[in-house]
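>>> attaching a predicted model along with its sequence, questions to come.
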Amino acid sequence: MAAQFILDAHVLVHRNAEILFLKRRNTGYGDGCYSIVAGHIEPDEAAPDAAARELEEETGLSVTPDALRLVHVLQKFAASPRLSFFFDLALPAGQQPLNREPDRCEALLWAPLSSPPTPLIPYVAATLRRYVAKELYATFSEPM
């Protein structure tokens, strides 16, 4: 039987030498840990469109999908296998992120990529290392 992957999109928002992190809460996964902008890709949606939508829903930052640059694909082996698309984005001029989902996000935090906040979701930490190494694809196994 073929694997049924959940598709998701992530956005690494840059401001100078810092990345935007979100502290999760009330999500049922990784609560209390930091992550980056992320969300599911809908069945009728392209990955860049989902990334732009999630970016606006979570932070209020508004960009067109073509402003996003694909930088990594992660195949995650877990109880619910995932295929994750990671996009890069420089903070749009004149825009500042806001916490638009305070029920699911405790705080927004800018931090250097070389020293991300802790605790950090493990697959996000692994992906950031791959991103720095300019690797386009990786796998990650999570306990099932």
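All right, it came through fine.

>>> so where is this structure shaky, pLDDT-wise?
Residue ranges of the chain with pLDDT under 70: 1-3, 144.

>>> could you tell me which helix of it is the longest one?
Assignment by DSSP state H gives helix 47-59 as the longest helix of the chain.

>>> give me the contact list for the helix or strand just after it.
Later in the chain than helix 47-59, the nearest helix or strand by DSSP states H and E is strand 69-77. Here strand 69-77 makes contact (C-beta atoms under 8 Å, 6 or more residues apart in numbering) with 5, 12, 47-48, 81-89, 123, 126-127, 130-131, 135-142, 144. Backbone N, C-alpha and C define where each C-beta goes, glycine included.

>>> strand 69-77 to helix 47-59, inter-axis angle?
Here strand 69-77 runs at an angle of 90 degrees relative to helix 47-59 (axes from the mean of the first three to the mean of the last three C-alpha atoms, to 10 degrees).

>>> how far off centre is strand 69-77?
Put simply, strand 69-77 sits 10 Å off its chain's centre (C-alpha atoms, centre = their mean, to the nearest Å).

>>> over to stretch 99-106?
Using C-alpha atoms, centre = their mean, the offset of stretch 99-106 from its chain centre is 15 Å.

>>> neighbours around the residue lying closest to residue 11 once chain neighbours are set aside, how many?
Spatial nearest neighbour of residue 11, excluding adjacent residues (C-beta to C-beta, 6 or more residues apart in numbering): residue 37 at 4.2 Å. Residue 37 has 25 neighbouring residues, counting by other C-beta atoms under 10 Å.

>>> cool, and residue 62?
Look at residue 62: counted by other C-beta under 10 Å, it has 11 neighbours.

>>> ok, back up a step: which among the contacts of strand 69-77 count as buried?
For these, a burial check counting by 16 or more other C-beta atoms under 10 Å picks out 12, 47-48, 82, 84-89, 123, 126-127, 130-131, 138, 140.
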